[in-house]
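**Student:** I'll drop the sequence and a predicted model, then ask my questions.
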Amino acid sequence: MSGHGTPIPMIAHRSCGLKGTAEVPGDKSISHRSLILGAMAVGETVVTGLLEGQDVLDTAKAMQAFGAEVTRDEDGTWHIHGVGVGGFAEPDQVIDCGNSGTGVRLIMGAMATSPVTATFTGDASLNKRPMARVTDPLALFGTQAVGRAGGRLPMTIVGAADPLPVRYTVPVPSAQVKSAVLLAGLNAPGQTIVIEQEATRDHTERMLEGFGATITTEVTDEGRVITLQGQPELQPQTIAVPRDPSSAAFPVCAALITEGSDILVPNIGLNPTRAGLFTTLREMGADLIYENEREEGGEPVADLRARFSPDLKGIDVPPERAASMIDEYPVLSAVAAYAEGQTVMRGVKELRVKESDRIEAMATGLRANGIEVEEGEDWWIVHGKGFGNVTGGATCASHLDHRIAMSFLVLGLASNAPIRVDDGGPIATSFPIFEGLMADLGADIRREG
C-alpha cells in the first residue's frame, strides 16, 4: 500500500531513440532549504523554480504551521515572509512530513533551539526511519525528544528555552545531520561548530552565507570544520533554484542505455558535492557532455547532453565519492546492468536507512530480472551483462521509495521483456512530472490497471 493513496502499478517497455529536451524539476535539497531559511529570515524571500513535489510542499506547510507566511503566485513564484531566527510559533497541529527524511530532519533542527514544542509524523516509510542520528546531537543544545522505540516517528520535540552552543563531529557522512545541527545553531549563542570527516553536500553552508549568516569552513586534520556564529538576523533573498541533479539522473541514465538516444537536460546544478554520478558515468564510458557551464546563485550549473552509450564498462566507484551521489546509486545500478563487467560500490551503508533499504530493494529486483548481484552491509556489486542482454520480465517492489520505482522503470527501457513496479505512486514526492517528461522523450512507460 502506498503511503500516498492507492498503489499505481507501472510498466516500462523496451524503447528506442529518446530525443528532446528534459526540463527536470528544481533541486529538492535547495527547495527545502529555501523555504526553511526564508521562514527564519526577517522580511520576504522570493523563490522561483521551486520543486513542487509533495516532499517540498509538506515543508512549505510546516513553515506555515510555525508562523511564516508562505504563498504561491500563479506563475509558480513563491513568497516566504519570515519570522526571524528564534521567531517560530508553536504549531497547533501535528507536522506531517509525508515521505521526506530531509524535510523532517531539517525542520527538527530549525525549531530545536526555539522555546516551542512540535510533534512530527510521516507516511509508513518515513515512520520507519531512524531519527536518533538527528535528535542525539540536538540534545546537546538542550532539546528534548520523545518518540517511538528506536527513535522513530511519531516524535515530539521540545525546543531548548536556553540553548547552548555545540561542537559536534558527525559520526557518519550525512548532510541532513550536519544541516540540522547548523540550523539549530542559528538560535544558540556563540559559535556552533560541526566537523565532518567526509565532505557532504554543502547547500546549507552556501545558503546560510547567502542569507547573511557568518559561517566559515576550514579543512584541518580533523576534517571539514564548519563554524557558525549564532543569533544572526538573516536577510531575505531572491532565489532561482537550479534543476535537480538527482532528478536529471533518470532521463540521463535512460538515454545512455536506450538505443539511438540523444537528449539535452538544461540548467542542472553541478555542485561538486552532488555531481558524483555524472563523474562515475563518464568514467564508465558514457557519452555525457557538459555544455554552457556557468554559475547561478553561487552554484555551478551546466546543460547535460546524454547519448546512447552501448560500450559501457563496469568500474570500482571510489568509496569517498559516495556522499556526493548517495541518492543515485539505485539508478547507477540499473545502468551497471547494461555495462560489461562488474560495477563495485563501497562505503554505501547509508543506503540501508533511506526511504527503503535501497541495497536490498535493488539487489532483489535486479536478480529477478536476470542480473547477478553480490551485497554486504556497506557494499554491493552488480555484474553487468552488456547492452541487449538484460532479461527483464519481473515485477519489482518499490517499497514506498520514489527512487527505487524510477530506477526499475529506467531498467525496463532497454530490457528484453517489460519490467513492472508494484507502485509508482511515491514518484510524486520528488519528481511529479516524471511520467510526462519521459513520455515526451519517447520512453514507453505506462500505468497499469
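**Tutor:** Noted; the coordinates are in hand.

**Student:** When you work out contacts or count neighbours from here on, use the C-alpha atoms and nothing else.
**Tutor:** Fine.

**Student:** Contacts for the helix or strand containing residue 60, please.
**Tutor:** According to DSSP states H and E, residue 60 maps onto helix 54-65. Identification of contacts with helix 54-65 by Cα atoms under 8 Å, 6 or more residues apart in numbering yields 28, 31-32, 35-36, 39, 69-70, 89-93, 95-100, 103-104, 107, 428-430.

**Student:** 7 Å - rerun?
**Tutor:** Residues outside helix 54-65 that contact it (Cα atoms under 7 Å, 6 or more residues apart in numbering): 31-32, 35-36, 39, 70, 91, 95-100, 103, 428-430.

**Student:** what do you get for stretch 382-398?
**Tutor:** Residues from elsewhere that reach stretch 382-398 (Cα under 7 Å, 6+ apart): 310, 314, 333, 336-344, 365, 368-374, 404-405, 412, 415-423.

**Student:** tell me the mean pLDDT over the helix holding residue 60?
**Tutor:** The pLDDT scores in helix 54-65 average 97.

**Student:** Give me the distance from it to the chain's centre.
**Tutor:** Helix 54-65 sits 16 Å away from the centroid of its parent chain (Cα atoms, centre = their mean, to the nearest Å).

**Student:** How about stretch 373-383?
**Tutor:** With Cα atoms, centre = their mean as the basis, stretch 373-383 stands 22 Å off its chain's centre.

**Student:** In that stretch, which residues have enough neighbours to count as buried?
**Tutor:** Using 16 or more other Cα atoms under 10 Å as the test for burial, stretch 373-383 gives 373, 379-383.

**Student:** What of stretch 154-173?
**Tutor:** In stretch 154-173, the ones that count as buried by 16+ other Cα under 10 Å are 154-160, 163-170, 173.

**Student:** and residue 445, how many neighbours does it have?
**Tutor:** Look at residue 445: counted by other Cα atoms under 10 Å, it has 24 neighbours.

**Student:** Setting aside sequence-adjacent positions, which residue approaches it most closely?
**Tutor:** Excluding its sequence neighbours, the residue lying closest to residue 445 (Cα to Cα, 6 or more residues apart in numbering) is residue 12, at 4.4 Å.

**Student:** And the pLDDT at that neighbour?
**Tutor:** 98.

**Student:** Number of residues surrounding it?
**Tutor:** A count of neighbours around residue 12, defined by other Cα under 10 Å, yields 26.

**Student:** three-state assignment of it?
**Tutor:** Classification of residue 12 using DSSP: H, G, I helix; E, B strand; the rest coil returns strand.

**Student:** In this structure it contacts residue 415, no?
**Tutor:** No - in this structure, residue 12 is not within contact of residue 415 by Cα atoms under 7 Å, at 9.0 Å.

**Student:** My read is that residue 114 contacts residue 86, right?
**Tutor:** Yes - with contacts counted by Cα under 7 Å, residue 114 reaches residue 86, the gap being 5.3 Å.

**Student:** which two in the buried residues of stretch 373-383 are spaced the farthest apart?
**Tutor:** Among the buried residues of stretch 373-383, the pair separated by the greatest distance (Cα to Cα) is 379 and 383, at 13.5 Å.
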